[in-house]
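Q: With the input below, show me the fold.
(one chain, ligands or ions: 1)
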Amino acid sequence: MNERTLNIAHLYPDLLNLYADRGNIVTLVQRLRWRGIEATVHEVTHQDAPRLSAYDLVLLGGGSDREQEIVGEYLLKHKQEFKAAVDSGLPLLAICGGYQLLGAFYQLPNGQKIQGLDILDMYTSAGTGLPRLIGNVAIETEYGIVMGFENHGGRTVHQHRPLGKVLHGHGNDGESGYEGVHHMNIWGTYIHGPLLPKNPQFADAVLATALEYAGHSAVLDPLDDVVEESARRAFLARRMPDVTTSPDAATAQPK
Ligand SMILES: NC(=O)CC[C@H](N)C(=O)O
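A: Reported below is the predicted structural model:
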């Protein structure tokens with residue numbers, strides 16, 4: 001039988017790794033290992049050319065405006081490859097600064113625009129004199145409640161399907177009531193903290209998509225997530241008591 005393995009690329013870990021975004025990689029690898037599935041992690045620094053055809057899943061973390069400016073330059077050199085790869089279904093998870101770089105541009109408070117990969121019909125602007133959107137965040141998604149922490153100056157606008165509905169926090173722009181994006185096999189979100197250890201169901205959805213893309217069975221044995229679930233309940237109870245974990249999702253009103 002064809003043994004299942006995954007090739008996971010962590011893009012620019014040397015530049016985009018805010019609020020422990022690297023924990024997302026650790027979570028993916030560990031959740032595979034617990035199921036007897038091996039993963040190879042390709043750390044693609046700014047000195048390397050990404051080999052998108054060799055990966056089954058790509059992760060882009062968050063970063064400061066300064067780091068995004070540097071990464072933006074590197075990414076632009078591979079714009080066509082990225083477009084072709086995601087059009088063919090390559091799974092891509094992008095967090096905050098990385099999420100912003102999937103759109104046409106990220107406009108800084110001084111008006112300067114960092115060009116993005118333009119693989120989503122989307123743009124981000126920090127505006128002038130606007131407060132940063134900071135704090136704990138919880139959203140209602142097809143993977144249950146996804147929770148974490150956000151800290152961004154940028155406001156993101158797009159017409160794609162959002163990742164979820166804001167139950168607590170700010171989301172894409174602090175106004176629309178929506179957070180993130182889910183288009184084809186691309187997920188973008190402002191949720192750091194890191195995202196995947198706090199949201200095992202979402203982590204497994206990403207893994208299943210990547211396994212399928214790699215030509216493997218996407219069936220994942222269930223794991224005992226008792227500790228993760230109790231951490232999630234404690235996080236909500238202490239930091240976002242307005243959001244409940246009742247089975248019919250949160251009872252809090254979306255913003
Ligand atoms: N947390 C982040 O990745 C920040 C992204 C971007 N620099 C902003 O402030 O909007």
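Q: C-alpha from now on. contacts and neighbour counts both.
A: OK.
Q: Show me which residues of stretch 147-159 are buried.
A: 147-157 (16 or more other C-alpha atoms under 10 Å).
Q: And for Phe235, the neighbour number?
A: Counted with other C-alpha atoms under 10 Å, residues neighbouring Phe235 total 16.
Q: From the ligand, how far off is it?
A: Distance, Phe235 to the ligand, using C-alpha to the nearest ligand atom, to the nearest Å: 20 Å.
Q: hey, C-alpha coordinates of the helix or strand that contains that residue in PDB?
A: Per DSSP states H and E, Phe235 falls inside helix 226-239. C-alpha atoms of helix 226-239 as PDB (Å, rounded to 0.1, in the frame of the first residue of the first chain):
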ATOM      1  CA  VAL A 226      -9.600  15.900  25.700                       C
ATOM      2  CA  VAL A 227      -6.700  18.300  26.800                       C
ATOM      3  CA  GLU A 228      -7.200  20.500  23.800                       C
ATOM      4  CA  GLU A 229     -10.900  20.700  24.400                       C
ATOM      5  CA  SER A 230     -10.500  21.600  28.000                       C
ATOM      6  CA  ALA A 231      -8.000  24.300  27.100                       C
ATOM      7  CA  ARG A 232     -10.500  25.700  24.600                       C
ATOM      8  CA  ARG A 233     -13.300  25.800  27.200                       C
ATOM      9  CA  ALA A 234     -11.000  27.500  29.700                       C
ATOM     10  CA  PHE A 235      -9.800  30.100  27.200                       C
ATOM     11  CA  LEU A 236     -13.400  31.000  26.300                       C
ATOM     12  CA  ALA A 237     -14.600  31.000  29.900                       C
ATOM     13  CA  ARG A 238     -11.800  33.200  31.100                       C
ATOM     14  CA  ARG A 239     -11.200  35.500  28.200                       C
END
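Q: Now that helix: buried residues?
A: Buried residues in helix 226-239 (16+ other C-alpha under 10 Å): 232-233, 235-236.
Q: ok, for Leu102, nearest residue in space, not its chain neighbours?
A: Leu117 (5.0 Å; C-alpha to C-alpha, 6 or more residues apart in numbering).
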